[in-house]
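Participant: After the sequence you'll find the predicted model.
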Amino acid sequence: MKVVKIKEDNCVYCHLCEVACIVEHSQSKDIIKAFKREERPIARCSVEFNYPVSLSVMCRHCDDAPCMEACQNGSMHRDERGYVVVNPDTCVGCWMCIMACPYGVIKRDTRREVWGLSTKCDLCPDREIPACVEACPNEALTFEEL
Amino acid sequence: MKNLKEYVPPSFIVERDDYRCIRCKACVEQCSFGATFYDEDEDRVWNWNAKCVGCNRCAAICPTEAITIKRSAPTYRYNHNWNTHIDGLKKRAIFGGTPVVSMGNDKPYPIYWDHMLLNASQVTNPSIDPLREPMELKTFLGRKPAKIEVSDDGLKTRLAPQLELEVPIMFAAMSYGALSYNVIEALGRAAKYMGTYYNSGEGGLNKDHYKFKGNIIVQVASGRFGVHKDYLDVGSAIEIKIGQGAKPGIGGHLPGEKVSETISETRMMPKGSDALSPAPHHDVYSIEDLRQLIFALKEATEYKKPVAVKIAAVHNVAAIASGIARAGADIIVIDGFKGGTGASPQVIRDNIGLPLEIALAVVDERLRSEGIRQDVSIVASGGIRNSMDVVKAIALGADAVYIGTAALIAIGCTMCQQCHTGKCAWGISTQDPHLSKRVNPDIASKRLINLLEVWALEIKETMGAMGINSIESLRGNRLNLRGVGLNEKELEILGILPAGE
Ligand code: SF4
Ligand code: SF4
Ligand code: SF4
Ligand code: SF4
Ligand code: SF4
């Protein structure tokens, strides 16, 4: 199974992976429209920084995914590709997955009213190469067999 | 706030299309010169134009192409005599010191390469198709015997040690210190892959890079930084640096900010202190002294490695080179005044030295006329920009060339001339670990390899057009060159015919 490999030695702290992730999960998939006209999705990767270390973190699609374990109604599930994804239609926003994920890569989608939903990396189902990987100017993110 | 006392008009204007700007702040982080900032209250990204050095990093990284960097037109009243000197005068008056600059001489001196044209074969000497016929670029550097004696059991003449190059192009001396670790790593990998050499420069050699043994030329400069037995052993050749094109007659200077922990270890000097190598080698004040140093190094390495001597192209360079050849050097490196540097006083960089083309031509001519050309190989260095410069250099008498700036540009350098600040936004000439990450050795080495492969192909194609199938037959073959737009004296010195003859 291919995952996004993170090479912190090469991360230049530009946040372009976040930008690409936002564009990829927007309605229009157009960078200007995604940021200026639409309700902007949240990035599913985030760049952590502690000089001089920086790296982008996103879901590791764990083999024994604690988030799936924690999910009470099966919303956090493994899709046909083998990746761990959320079913937004059934997620009730109990945030148990957020508590369970050892990498802290599940975010609350605060745009939703009342409860909100879990948002996490879905490894860009519409793409061959994930958006963040393609956007990284320094190949700090690569899409590789683990 | 702007500082009125230090005001000089900005050289660049950064324009940002506010509609296209999505406030991702990539440009803010990438600008290592503090020229770009985000104003939270206004939710806008702004620039201090005066701080912009025109490195184009922000424009390259901006995902919406919102940024355009413009050269700002001189805002002083036009005065042909004074305009380019006003800022220089002000800077000296304000700071009380001579400005230090980096990269090569950028003054509009003549570029002789562009006044030389190559020959092409026609009916009587047909051209060669490099795709169908073998083309030999292999080059050997080192002393060649005047004649070869062969007995029944094989070669009787003992050959001096040689450097074997698959392409006649090597990476010039650029020290670890001036350049980041990742750039050195990339140069080493590319040299290894291409079967050529990179030069350690005077910074010593990081232990990690001993793995490039077989593809390293180690330098011994006046500062003797990082020179020890193991270092000499790792090199395939040893280069004594007497002079450097970008700053002839000047020692090396690595600003203290660039002397990090690992640099200090490699150079064997205290962290954070300026690495100053003296202008002269304090044991070399004559050709005889140089001979002693050459033989001391040969002795130390059991006469197994060629010893090169690098000099800057200066007045009387032919006589100097002749002396060096007689002092026992195996290779002479001539560094022209367009050569780059990490830090040099501006006055030196811009006014001292000679064009490489001229120096190369007179050195080759002198060594030939003295019958000692075979005693040394000549490496041309300093401002080689493209494959045709390489071909012309070889036709003028070089055995091989060194490329420095061209290699850095291949990696990403935009010639912003800020190497001496240690803030290189492209991660090339910096020791800041956060900035040096910007060079990924995987990408950089691929680019260097591409560059050399393309140049090699272009050289082969040009040789084919000239009807030459081996670089050996091109060397010193000045009949393949014709001068255009040069006066009689220049043609005479270059030893080439004018176009039409
Ligand atoms: S969200 Fe966290 S726990 Fe779940 S698969 Fe991804 S990394 Fe593992
Ligand atoms: S793989 Fe796709 S969804 Fe996951 S962080 Fe990268 S861009 Fe976002
Ligand atoms: S990144 Fe370079 S070009 Fe852009 S504002 Fe900074 S100095 Fe100027
Ligand atoms: S990189 Fe471009 S889009 Fe991002 S803040 Fe800078 S100008 Fe705006
Ligand atoms: S190495 Fe860096 S600082 Fe030096 S000229 Fe190139 S881009 Fe500018």
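Facilitator: Perfect, thanks for sending it. Ligands and ions are numbered 1, 2, ... in the order given.
Participant: contacting residues around residue 35?
Facilitator: Assuming you mean chain A. Counting by C-beta atoms under 8 Å, 6 or more residues apart in numbering or on different chains, A:Phe35 makes contact with A:Ile22, B:Ile22, B:Arg23. Where you see a C-beta, it was placed from the backbone N, CA and C, and this is true even at glycine.
Participant: my bad, the chain I had in mind was chain B
Facilitator: B:Val14, B:Asn47, B:Trp48, B:Asn49, B:Lys51, B:Cys52, B:Val53.
Participant: before we move on, what about B:Met269?
Facilitator: Counting by C-beta under 8 Å, 6+ apart, B:Met269 has contacts B:Phe225, B:Val259, B:Ala275.
Participant: Which one of those residues is nearest to B:Ser436?
Facilitator: B:Val259 (14.2 Å; C-beta to C-beta).
Participant: tell me the strands in the stretch 201-350 of chain B, going along the chain?
Facilitator: Ranges of strands in the stretch 201-350 of chain B, per DSSP state E, counting those that start in this stretch, are B:216-220, B:237-241, B:253-254, B:275-276, B:307-312, B:331-335, B:344-345.
Participant: what's the least confident stretch among those strands?
Facilitator: Of all the strands of the stretch 201-350 of chain B, mean pLDDT reaches its minimum on strand B:253-254 (a mean of 82).
Participant: For residue 70, what are phi and psi?
Facilitator: This is for chain A. Per-residue torsions, A:Ala70: phi -80, psi -20 (degrees, to the nearest 10).
Participant: Switch to chain B, please.
Facilitator: Dihedral angles for B:Lys70 - degrees, to the nearest 10 - are phi -120, psi 140.
Participant: Next one: B:Ala50 from A:Ser118, what distance?
Facilitator: Taking C-beta to C-beta, to the nearest Å as the measure, B:Ala50 falls 47 Å from A:Ser118.
Participant: What of B:Asn215?
Facilitator: Taking C-beta to C-beta, one finds B:Asn215 at 52 Å from A:Ser118.
Participant: ok, the two, which is more surrounded?
Facilitator: Taking neighbours as other C-beta atoms under 10 Å in any protein chain shown, B:Asn215 and A:Ser118 compare with A:Ser118 leading, 25 against 22.
Participant: three-state assignment of the more buried one?
Facilitator: Following DSSP: H, G, I helix; E, B strand; the rest coil, we place A:Ser118 in the strand state.
Participant: Please read off the pLDDT at it from the model.
Facilitator: Per-residue confidence at A:Ser118 stands at 90 (pLDDT).
Participant: you'd agree it is up against A:Arg108?
Facilitator: Yes: counting by C-beta atoms under 8 Å, A:Ser118 touches A:Arg108, with 7.2 Å between them.
Participant: intersection of neighbour lists for the two?
Facilitator: Common neighbours of A:Ser118 and A:Arg108 (C-beta under 8 Å, 6+ apart) are A:Gly93, A:Trp95, A:Ile98.
Participant: Include distance to B:Ala73 when you put those residues into a markdown table, please.
Facilitator: Putting these into a markdown table (distance: C-beta to C-beta, whole Å) gives the following:
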| residue | distance to B:Ala73 |
| --- | --- |
| A:Gly93 | 58 |
| A:Trp95 | 58 |
| A:Ile98 | 56 |
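Participant: what's the closest of those to ligand 3?
Facilitator: Taking C-beta to the nearest ligand atom as the measure, ligand 3 sits nearest to A:Ile98 out of the shared contacts of A:Ser118 and A:Arg108, at 37.0 Å.
Participant: any idea which element that closest one lies in?
Facilitator: helix A:96-100 (DSSP states H and E).
Participant: Quick check: next helix or strand after that helix?
Facilitator: strand A:107-109.
Participant: For ligand 2, what's the nearest residue on chain B?
Facilitator: Counting by C-beta to the nearest ligand atom, chain B gets nearest ligand 2 through B:Pro63, at 13.4 Å.
Participant: Count the residues that sit near the residue nearest to B:Gly245 when sequence neighbours are not counted.
Facilitator: Of all residues beyond its chain neighbours, the one nearest B:Gly245 is B:Gly339 (3.0 Å), with distances taken as C-beta to C-beta, 6 or more residues apart in numbering or on different chains. Neighbour count of B:Gly339, defined by other C-beta under 10 Å: 31.
Participant: swap in A:Ile42?
Facilitator: Neighbour number of A:Ile42 under other C-beta under 10 Å is 15.
Participant: and it, backbone torsions?
Facilitator: phi -90, psi 150.
Participant: which residues does it contact?
Facilitator: A:Ile22, A:Lys107, A:Asp109, A:Thr110, A:Arg111, A:Thr119.
Participant: Strands along chain A, start to end?
Facilitator: A:2-6, A:46-50, A:53-57, A:76-78, A:84-86, A:107-109, A:117-119, A:141-145 (DSSP state E).
Participant: Report the buried residues of the last one.
Facilitator: Residues of strand A:141-145 classed as buried under the neighbour-count rule (16 or more other C-beta atoms under 10 Å in any protein chain shown) are A:Leu141, A:Thr142, A:Phe143.
Participant: one step back: so which of the shared contacts of A:Ser118 and A:Arg108 is the closest to ligand 4?
Facilitator: Closest to ligand 4, out of all of the shared contacts of A:Ser118 and A:Arg108 and judged by C-beta to the nearest ligand atom, is A:Ile98, at 28.9 Å.
Participant: Give me the neighbour count for that closest one.
Facilitator: The local packing of A:Ile98 (other C-beta under 10 Å) involves 17 other residues.
Participant: Likewise for B:Thr405?
Facilitator: B:Thr405, neighbours per other C-beta under 10 Å, totals 22.
Participant: Provide a list of residues in contact with the residue in chain A positioned nearest to ligand 4.
Facilitator: Nearest residue of chain A to ligand 4: A:Val19, at 7.8 Å (C-beta to the nearest ligand atom). A:Val19 is in contact with A:Ile31, A:Ala43, A:Ala135, B:Ile22, B:Cys24, B:Ala26, B:Pro63, counting by C-beta under 8 Å, 6+ apart.
Participant: Which of these fall within helices?
Facilitator: A:Ile31, A:Ala135, B:Ala26 (DSSP state H).
Participant: Most neighbours out of those residues, which is it?
Facilitator: Busiest of the ones in helices among the contacts of A:Val19 [other C-beta under 10 Å] is B:Ala26, holding 27 neighbours.
Participant: wait, what's in contact with that residue?
Facilitator: So B:Ala26 contacts A:Cys14, A:His15, A:Leu16, A:Val19, B:Cys58, B:Ile61, B:Cys62, B:Pro63 (C-beta under 8 Å, 6+ apart).
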